[in-house]
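# Sequence isn't available, so here's the structure alone:
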């Protein structure tokens, strides 16, 4: 089949699915925060909540291990009574781990979905419902460090500059922000390549910025940050890399499974026509990662500083 014929076939397939309407499936529950475009689930059922929390714990473990067992990459020297903000805290696991390492630092976690907040927390840690697009007015010049991870599936293209501006406003002079985002993932095989194309279409339909990791350095500069740095990390993904690779594979394949409802509600976006087909695709992609040595999930950490004084500007 020629390339032109393949394109025509895919175009016809996309048109068919676009007209077919939502695909029936067992839907996951998603948060309902006004204006949110977040495409990952936040299930209400207790067992599902437990499973999702376990997934977030695995994700945290995978990411911290990739960063050399560091919670903080930015070159900030946190002192007693400093205030730290964790945006999009989820289950609060990053904040709780930092609280153990630095019991004298005050930590504030925020998220638009409170159902995953921890029931037990140390005295130096608080959690609240809030959005990074509009942080409280009285937090101006408050935080020595702001941490934010993997909001690639949450923030619209138009919201990223707003969030960076809000964080800048709330950072203390000389304070640092660190932003961890996915950059590239999967093997060079057909299942992974096709999946990337699907996500590009899904993100575009939701006005989400799939290449935010590439654009963040420029956006940080435009938002008046200084000392902008980028560190990239490759996480081995698949059985070929032992238990570490299995953990990475399980985490990110489960993330993609969690995107099933928005994809099927959109009629499959020209790529799938049933829930069973989507589930099989994820199984096939996991095996592709296992079989292709060198498969990685690439992430980057962008960190930058707010000017410490007028003379720094």
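Looks like it arrived, so ask away. Here the structure is a predicted model, which is why all the values come from computation and not from measurement. Numbering: from 1, shown residues only.
# So which residues of the stretch 101-250 of the chain form helices?
Remark: helices assigned in the stretch 101-250 of the chain by DSSP state H, counting those that start in this stretch are 159-170, 190-205, 212-222, 242-257.
# Can you say which of those is packed in most?
Most buried of the helices of the stretch 101-250 of the chain by mean neighbour count (mean count of other CB atoms under 10 Å) is helix 159-170; its value is a mean of 20. No exception for glycine: its C-beta is placed from N, CA and C like everyone else's.
# what's the offset of stretch 134-142 from the middle of its chain?
Average the C-alpha atoms of stretch 134-142, do the same for its chain, and the two points are 23 Å apart (CA atoms, centre = their mean, to the nearest Å).
# got JSON lines for the helices of the stretch 101-250 of the chain, with distance to residue 231 and mean pLDDT too?
Below are the helices of the stretch 101-250 of the chain laid out as JSON lines (distance: least, CB to CB, whole Å; pLDDT from 0 to 100):
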{"stretch": "helix 159-170", "distance to residue 231": "18", "mean pLDDT": "98"}
{"stretch": "helix 190-205", "distance to residue 231": "23", "mean pLDDT": "96"}
{"stretch": "helix 212-222", "distance to residue 231": "11", "mean pLDDT": "97"}
{"stretch": "helix 242-257", "distance to residue 231": "18", "mean pLDDT": "94"}
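# Quick check: which of the ones you listed is nearest to residue 122?
Checking the helices of the stretch 101-250 of the chain against residue 122 by CB to CB gives helix 159-170 as the closest, at 22.2 Å.
# who's in contact with that closest one?
In this structure, residues lying in contact with helix 159-170 by CB atoms under 8 Å, 6 or more residues apart in numbering are 85, 87, 132-135, 139-143, 146, 148, 151, 155, 177, 209, 212, 215-216, 219-220, 222-225, 306.
# Out of the helices of the stretch 101-250 of the chain, which gets nearest to residue 297?
Of all the helices of the stretch 101-250 of the chain, helix 242-257 sits nearest to residue 297, with 5.4 Å by CB to CB.
# Show me what the very next helix or strand once past the closest one is packed up against.
Sequence-wise, the next helix or strand beyond helix 242-257 is helix 260-265, with elements assigned using DSSP states H and E. With contacts defined as 3 or more CB pairs under 8 Å, 6 or more residues apart in numbering; DSSP states H and E, the secondary structure elements packing on helix 260-265 are helix 190-205, helix 275-291.
# and the first one, how far from the chain's centre?
When you say that, I think you mean helix 190-205. Taking CA atoms, centre = their mean, one finds the center of helix 190-205 at 16 Å from the center of the full chain.
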